[in-house]
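Student: Structure for this input, please:
(one chain, ligands or ions: 1)
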Amino acid sequence: MNTEISALFTIFGATGDLAHRKLYPSLYHLYKKGFIKNNFAVIGTARREWSNDYFHEVIADSLKDVVENEEELKAFTSHFYYISHNVKDADHYVELKKLSDQLDEKYQTNGNRIFYLAMAPQFFGTIGDMLKANHLITENGFNRLIIEKPFGHDLKSATELNEQLTRSFSEDQIYRIDHYLGKEMIQNISAVRFSNMIFEALWNNKYIDNVQITLSETVGVEDRGDYYDHTGALRDMVQNHILQIVALLVMEPPLSLNGNDIRNEKIKALRSLRLYENEKDVINNFVRGQYTAGNDQAGYTDEPKVNPESSTETFVAGKIMVDNFRWAGVPFYVRTGKRMSQKDTYIHIQFKHVSMNLFPTEGVEEVAQPNILTIHISPLEGFSLRLNTKRVGQGTEMKNIRMHQILDEQTVSNSPEAYERLLLDCLNGDPTNFTHWKEVEQSWRFIDFIRNAWDQDEEHIYEYASGTMGPKESYDLLHQDGFDWIEFNWSTKYKKK
Ligand code: BG6
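Tutor: This is a model prediction of the structure:
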């Protein structure tokens, strides 16, 4: 039996896509599991003038694939209230406070409040100030603020945003979402690293040759041309998701699994990333690309709401170096992009080869290969490990095999979705899977050097055809170090079986 947590949620941006696709279904799952039950209420607010009834219809629509019966749906939506709201208008906060206090009383939420800002960041500061000035932040319960990315668009704007927020909420009340940290296999990285001697003992530059992280997408910019054209792949994916993955792979063992212990190690890990302080280093170590038409898909500059002259990157590949005792000399290659040939997220950890290969390398089909541990994040979830064995029969010819543990479809579909996990963590006051300001700060410091160098250099942006794995220069980046992207398409192979 799960313990019920009482809270009043206020969702700013309740009419938006994120609320519809992620927040209402996640709250419903938490309700079904009994984490929220009788003592919770949700206030949805946005500019649009919706009635409570219409709000309930919208929520019902967002739950149409998951809801089991009408009665339960009604019981759930009865906890939802809508209030139309202009975030800049002080009078609206007076109304919001009145409703919050009523619901607090009605549902016995004990003054526990979660404010979810699912909207454009330019209003975050104003909302924080208004919540404080109008006494929506309670004295008697917990008060937590969840915010969505992007957290600024460079270090300067992120710092300003943080200063605005911390006028009303302290760091330990702020929950910055990076939805990758809610994914099962991202949460599994520490489990595998720190509970298996065979990996922990080898997790350093003596035994690891290089690490490769791929987050590839097949979609283009969809209807987000407006946002994306001002953002680009570096800010959209590398600053947050990719650097968070790097931090989890690189960090030292934390003192405990306590959120602050883990986040302290991640902050140290991010501080050890080499900053590419001059333009030449950026050009040599980070490649950007933009998709052109191909495979019946439009090119980026033909997408709606994208400047036809745009030089925004839709692809990034980079080499990250970690200048500390454990990792000196091991390249971490990362790549991400839109309109690539497959939607796949995985990490390859390639170990060094044995110091002397005793097995045949000529006149045979397969030769001994370096071991690779692959963490499959999505769509497949699990691990696989490339090993060498002897081919069955006479002789000493090698056979490369993969031992794997891939979660079956049922397990994956029953496991909570990232937003559900993160909402529950926030209800429980567990900050582990949210990014601390110091992580955000350090990530922007790293990214700003790259962005600034690119802003000075119009020349090095490479085209790649839609439906491919990025420009040739991304391959050159590894070739110059004697490596290659490991194009091991396990997802397709595994699914075909
Ligand atoms: C988001 C980006 O943070 O992550 C999107 O803004 C991207 O552009 C998305 O599509 C990818 O997330 P996932 O979970 O589908 O890999």
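
Student: Count the neighbours of residue 457 for me.
Tutor: Counted with other C-beta atoms under 10 Å, residues neighbouring residue 457 total 13. The way it works is simple: take the backbone N, C-alpha and C, and place the C-beta from them, glycine included.

Student: er, residue 71 actually
Tutor: Applying other C-beta under 10 Å, we find 8 residues neighbouring residue 71.

Student: Can you tell me the element it falls in?
Tutor: Taking DSSP states H and E as the definition, one finds residue 71 inside helix 70-77.

Student: and that helix, how far out from the chain's middle?
Tutor: Counting by C-alpha atoms, centre = their mean, to the nearest Å, helix 70-77 is centred 32 Å from the centre of its parent chain.

Student: what's it in contact with?
Tutor: The set of residues that contact helix 70-77 without belonging to it, under C-beta atoms under 8 Å, 6 or more residues apart in numbering, is 28, 31, 32, 56, 59, 60, 63, 67.

Student: got a list of what the fourth one touches?
Tutor: Contacts here follow C-beta under 8 Å, 6+ apart; on that basis residue 56 touches 77, 78, 80.

Student: how about a cut-off of 7 Å?
Tutor: If you count contacts by C-beta atoms under 7 Å, 6 or more residues apart in numbering, residue 56 has them with 77, 80.

Student: which SSE is it in?
Tutor: Element membership for residue 56 (DSSP H and E) is helix 52-62.

Student: pLDDT of that helix, averaged?
Tutor: Model confidence over helix 52-62, given as mean pLDDT, is 97.

Student: try stretch 11-22
Tutor: The model assigns stretch 11-22 a mean pLDDT of 95.

Student: Distance from the chain centre to it, please.
Tutor: Stretch 11-22 has its average C-alpha position 18 Å from the chain's average C-alpha position, going by C-alpha atoms, centre = their mean.

Student: Same question for stretch 473-488.
Tutor: On the basis of C-alpha atoms, centre = their mean, stretch 473-488 sits 25 Å off its chain's mean C-alpha point.

Student: what do you get for stretch 46-59?
Tutor: Its chain's C-alpha centre lies 29 Å from the corresponding centre of stretch 46-59 when counted by C-alpha atoms, centre = their mean.

Student: Between the two ends of that stretch, how far is it?
Tutor: Taking C-alpha to C-alpha, to the nearest Å, the first and last residues of stretch 46-59 lie 15 Å apart.

Student: Would you list the phi and psi of residue 190?
Tutor: With angles defined as degrees, to the nearest 10, residue 190 shows backbone torsions of phi -70, psi -40.

Student: That one and residue 248 touch, don't they?
Tutor: Yes: counting by C-beta atoms under 7 Å, residue 190 touches residue 248, with 6.5 Å between them.

Student: quick one: which of these two has more around it?
Tutor: When neighbours are counted by other C-beta under 10 Å, residue 248 comes out ahead of the other of residue 190 and residue 248, with 21 against 18.

Student: Skipping adjacent residues, who's closest to that one in space?
Tutor: For residue 248, ignoring the flanking residues on the chain, the nearest one in space by C-beta to C-beta, 6 or more residues apart in numbering is residue 189 at 4.7 Å.

Student: Please give me every residue in contact with the one you found.
Tutor: For residue 189, the residues meeting the contact criterion (C-beta under 7 Å, 6+ apart) are 248, 249, 375.

Student: OK, contacts around the last one?
Tutor: Shown here is residue 375, whose contacts under the criterion C-beta under 7 Å, 6+ apart are 185, 189, 346, 347, 383.

Student: and if we set it to 6 Å?
Tutor: Under the criterion of C-beta atoms under 6 Å, 6 or more residues apart in numbering, the neighbours of residue 375 are 185, 347, 383.

Student: and the last one, what helix or strand is that in?
Tutor: Meaning residue 383. Under the criterion of DSSP H and E, residue 383 resides in strand 382-390.

Student: Contact distance from the ligand - what residues of this structure qualify?
Tutor: Applying the criterion C-beta under 6 Å from any ligand atom, the portion of the chain that neighbours the ligand consists of 217, 236, 345.

Student: Is it correct that the last one is in contact with residue 379?
Tutor: No: with contact taken as C-beta atoms under 6 Å, residue 345 and residue 379 are classed as non-touching, separated by 8.2 Å.

Student: Give the full set of residues in contact with residue 460.
Tutor: Contacts of residue 460 were listed using C-beta under 6 Å, 6+ apart, and they are residue 283.

Student: what's the spacing between it and the ligand?
Tutor: As for residue 460, its distance to the ligand is 23 Å (criterion: C-beta to the nearest ligand atom, to the nearest Å).

Student: Quick check on residue 345 and residue 379: which one has the bigger neighbour count.
Tutor: Neighbours were counted for residue 345 and for residue 379 using other C-beta under 10 Å; residue 345 has more, 24 against 14.

Student: Could you list the low-pLDDT ranges of the stretch 51-200 of the chain?
Tutor: With pLDDT under 70 as the threshold, the stretch 51-200 of the chain has no low-confidence stretch at all.

Student: can you give me the strands for it?
Tutor: Taking DSSP state E, counting those that start in this stretch to define them, one finds strands in the stretch 51-200 of the chain at 80-84, 113-117, 143-147, 174-176.

Student: Give me the nearest residue to the residue nearest the centre of the chain, chain neighbours excluded.
Tutor: Here the mean C-alpha position of the chain is nearest to the C-alpha of residue 180 (C-alpha atoms, centre = their mean), at a distance of 2.7 Å. Sequence neighbours aside, residue 241 is the residue nearest to residue 180 in space, at 4.3 Å (criterion: C-beta to C-beta, 6+ apart).

Student: on that earlier part again, could you tell me the angle between the helix holding residue 56 and strand 80-84?
Tutor: Between the axes of helix 52-62 and strand 80-84, defined by axes from the mean of the first three to the mean of the last three C-alpha atoms, to 10 degrees, the angle is 120 degrees.

Student: Any buried residues in helix 52-62, and which?
Tutor: 55, 56, 58, 59, 60, 62 (16 or more other C-beta atoms under 10 Å).

Student: For the fifth one, which residues are in contact?
Tutor: If a contact means C-beta under 6 Å, 6+ apart, then residue 60 has residue 73 as its contacts.

Student: What distance do you get for whichever residue of the stretch 351-497 of the chain sits closest to the ligand to residue 180?
Tutor: Each residue of the stretch 351-497 of the chain has a distance to the ligand, by C-beta to the nearest ligand atom, and the smallest belongs to residue 378, at 6.3 Å. Taken as C-beta to C-beta, to the nearest Å, the spacing of residue 378 relative to residue 180 amounts to 10 Å.

Student: Distance from the helix holding residue 56 to the middle of the chain?
Tutor: Relative to the chain's own centre, helix 52-62 is displaced by 28 Å; criterion: C-alpha atoms, centre = their mean.

Student: cool, stretch 9-28 as well?
Tutor: Per C-alpha atoms, centre = their mean, the centroid offset for stretch 9-28 relative to its chain is 18 Å.

Student: From the opening residue of it to its closing one, how far?
Tutor: Across stretch 9-28, the straight-line distance between its terminal residues is 13 Å, by C-alpha to C-alpha.

Student: do stretch 141-151 as well
Tutor: Start-to-end, stretch 141-151 (C-alpha to C-alpha) is 27 Å.

Student: With stretch 357-368 instead?
Tutor: The first and final residues of stretch 357-368 sit 7 Å from each other (C-alpha to C-alpha).
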